[in-house]
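*Asks:* Here you go, sequence then predicted model.
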Amino acid sequence: MSQDLDTQQLLEPAAPAGAAVVGHPPATTAAGNTAALHATKESLEDYTLRFAPRSYRKWSAGVVATSALGGIAYLADFSIGANIGISYGTVNAILGIVVAAVVIFATGFPLAYYAARYNIDLDLITRGSGFGYYGSVVTNVIFATFTFIFFALEGSIMAQGLELGLGIPQWMGYAASTIIIIPLVIYGMSTLAKLQVWTTPLWLLLMVVPVGYLLISHPESIDSFFAYTGASGDGGPNLASVMLAAGVCLSLMAQIAEQIDYLRFMPPRTDANRGAWWRAVILAGPGWVIFGALKQVVGLFIAIYLIATLDPAASATANEPVHQFLGVYQEMMPAWLAMTLAVVLVVISQIKINVTNAYSGSLAWTNSFTRITKTYPGRMVFVVVNLLIALVLMEANMFDFLNTILGFYANCAMAWVVTVASDIAINKYLLKISPKVPEFRRGMLYAVNPVGFVSMLVSAGVSIAVFFGAFGSALQPYSPIFAVGLALVLPPVLAVLTRGRYYLRRLDDGIELPMFDADGNPSDAKLLCHVTGMEFERPDMVRSAQDAPDGGPQYVSSLALSTDKTGELVLPATK
């Protein structure tokens, strides 16, 4: 218990001078909510279910951005670029990559801004952006699915490297790539930030140098690259091929949620750090896709070099990053060193991204489970669950069905992310129907808001049907257009039809202290939670429906509310 209290004091320090601390001492904490106490102690490090308080956000904007970009070190982009290029040719692949990048950047910007400005993750943003308190559970499942699909993909790539370099059977490599991640995700953001910052320079060196060497020493490879026609043999621009390629790339749209898991720890925006703050948000938020698109193009470039210049038979393995980089390294150095560096690059990249996949996936599963059951089992339970699912996918050899898996998943990811972005950009800022300040606390929101929930279900359902040919083969390549188009248009239509009545269950949270400081940042004033006996910052609190013994107000944290099975702490609806 003393260790728990030490952790509590470290991560939730006493209120600073000038910060208000309001509330009555808890009458009987044990009689309150032991589940809330357990959840509080375990989630202080990673803030699994709640707003990220200012007392914890001590990193500079640059450190947060570097940590977030470290999470896109994955090598799946190289496989994706190679796969779509081999299938549809260079021109169509590049056009598809550009289309996907534009859509991902445009939809990711409002989400990244809200996360950094209000210090909440994408699930909390989704709740108040058209989905409701329970409605966003389904989007959490979509995001968790993203994390284990891409964990499995990266684990497969690592296993390929271990087999090629060390002769380890792939099934054993799958297990090793899974087990090695578990101890790295126990301690949350502080450990992940150090890992990403320390490993990024070596990762950049191993990745950039061979590509630069290839361009300088083999300039003729550029002509071969643009002349490559793909499996169809027709390299000219083709809209259907472009959209099929874009659909695979758009499966990465949910990556913005992982970027946000870092961006929610951004420092407050002030006049002194405004420029650095915006650069970090744009670069590490929607800007991740710029780096991702470049990696996809590079993956295709190396694959074509291997096929066209070195060995036409290399097409069988040219979509595997370890073979891609090994082929280039062998042009530069002795075979033994080339093999060593290729394996090192694969292992570093896999660790950098899969700690993020495991971390973010555990947050998504934990959040959903706790909201539905009002029970907090501990985040590590869902780290194991997420990794076991990923391991099953790896053992099932998902790498051979990559395009199909990613193309199908893209429809779900696009429906979710575009729906939330549409609600923020159109309903909040243009139509002003949706409340501009994001709300995530239980009792303040309706259980389900049809604006976002129905929009996502319809856009995902229609686009998946198109993807599987329900409306004919002529429309089949265009499922991304249906997903993006419907998710963009339906939220404002439904918001107007419902007149925005399902966004807020209450307009007042019962607390007189202002929610924001003079700079518009979430307040760091502290209130005492009468359930846990701990202090939480103002944006995380609401007034409790239970008054103090003397009749005065008591306050309860969003965390304690999420585990309240009786509902006795939830304020009544006022609208």
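*Replies:* Received the coordinates, thanks.

*Asks:* how about stretch 495-506: buried residues?
*Replies:* A495, G500, Y502, Y503, L504, R505, R506 (16 or more other C-beta atoms under 10 Å). C-betas here are computed from N, CA, C, even on glycine.

*Asks:* ok, so of those residues, who is nearest A68?
*Replies:* Nearest to A68 out of those is Y503 (C-beta to C-beta; 29.1 Å).

*Asks:* distance of that closest one from G130?
*Replies:* Distance from Y503 to G130, counting by C-beta to C-beta, to the nearest Å: 8 Å.

*Asks:* Give me the common contacts of those two.
*Replies:* Contact criterion C-beta atoms under 8 Å, 6 or more residues apart in numbering; residues bridging Y503 and G130 by contacting each: S434, N449, V451.

*Asks:* Please identify which of the residues you listed is nearest to Y228.
*Replies:* V451 (45.1 Å).

*Asks:* where's the closest one, which helix or strand?
*Replies:* helix 450-467 (DSSP states H and E).

*Asks:* which is the next helix or strand following that helix?
*Replies:* Downstream of helix 450-467, the first helix or strand assigned by DSSP H and E is helix 479-498.

*Asks:* Can you report phi and psi for F516?
*Replies:* When read as degrees, to the nearest 10, the backbone of F516 gives phi -130, psi 150.

*Asks:* For the stretch 51-200 of the chain, just list every one of the helices.
*Replies:* For the stretch 51-200 of the chain, helices defined by DSSP state H, counting those that start in this stretch occupy the ranges 61-70, 76-88, 90-118, 122-126, 137-166, 170-179, 189-217.

*Asks:* Remind me what the fourth one packs against, helices and strands.
*Replies:* If contacts are counted by 3 or more C-beta pairs under 8 Å, 6 or more residues apart in numbering; DSSP states H and E, helix 122-126 sits against helix 90-118, helix 137-166, helix 255-263, helix 335-373, helix 402-422.

*Asks:* highest average neighbour count across the ones you listed?
*Replies:* When you average the neighbours per residue for each of the helices and strands packed on helix 122-126 (mean count of other C-beta atoms under 10 Å), helix 255-263 leads with a mean of 28.

*Asks:* how about it as PDB, C-alpha atoms only?
*Replies:* C-alpha atoms of helix 255-263 as PDB (Å, rounded to 0.1, in the frame of the first residue of the first chain):
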ATOM      1  CA  GLN A 255      -3.100   5.300 -36.800                       C
ATOM      2  CA  ILE A 256      -4.300   8.800 -35.800                       C
ATOM      3  CA  ALA A 257      -5.700   7.300 -32.600                       C
ATOM      4  CA  GLU A 258      -2.200   6.000 -31.600                       C
ATOM      5  CA  GLN A 259      -0.700   9.400 -32.400                       C
ATOM      6  CA  ILE A 260      -3.400  10.900 -30.100                       C
ATOM      7  CA  ASP A 261      -2.400   8.600 -27.300                       C
ATOM      8  CA  TYR A 262       0.800  10.600 -27.200                       C
ATOM      9  CA  LEU A 263      -0.600  14.000 -28.200                       C
END
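
*Asks:* what's the nearest residue to V489 once chain neighbours are set aside in contact with, if anything?
*Replies:* Sequence neighbours aside, S422 is the residue nearest to V489 in space, at 7.7 Å (criterion: C-beta to C-beta, 6 or more residues apart in numbering). Listed by C-beta under 8 Å, 6+ apart, the contact set of S422 reads S455, A487, L488, V489, L490, P491, P492.

*Asks:* for those residues, which one is nearest F536?
*Replies:* The closest of the contacts of S422, once distances to F536 are taken by C-beta to C-beta, is P491, at 31.4 Å.

*Asks:* Now for that closest one: which residues touch it?
*Replies:* G130, T419, S422, D423, I426, N427, V451, G452, S455.

*Asks:* would CSV of those residues with pLDDT and distance to E535 be doable?
*Replies:* Below are the contacts of P491 laid out as CSV (pLDDT from 0 to 100; distance: C-beta to C-beta, whole Å):
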residue, pLDDT, distance to E535
G130, 94, 32
T419, 97, 36
S422, 97, 37
D423, 97, 32
I426, 97, 38
N427, 97, 34
V451, 97, 35
G452, 95, 33
S455, 97, 38
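
*Asks:* Which secondary structure element of this structure has the lowest mean pLDDT?
*Replies:* Least confident helix or strand of the chain, by mean pLDDT, DSSP states H and E, is helix 2-11 with a mean of 31.

*Asks:* Helix or strand: which one has F536?
*Replies:* strand 535-537.

*Asks:* OK, contacts around the residue lying closest to Q255 once chain neighbours are set aside?
*Replies:* Counting by C-beta to C-beta, 6+ apart, Q255 lies nearest to W288, which is 6.3 Å off, once chain neighbours are set aside. By C-beta under 8 Å, 6+ apart, the contact list for W288 reads A68, L69, I72, G108, Q255, I256, Q259.

*Asks:* So W288 versus F482, what's the distance?
*Replies:* Taking C-beta to C-beta, one finds W288 at 25 Å from F482.

*Asks:* ok, back up a step: by neighbour count, which of the shared contacts of Y503 and G130 wins?
*Replies:* V451 (32 neighbours; other C-beta atoms under 10 Å).

*Asks:* By pLDDT, rank the contacts of W288 and give me the bottom one.
*Replies:* Across the contacts of W288, the bottom pLDDT score, 74, is held by I72.
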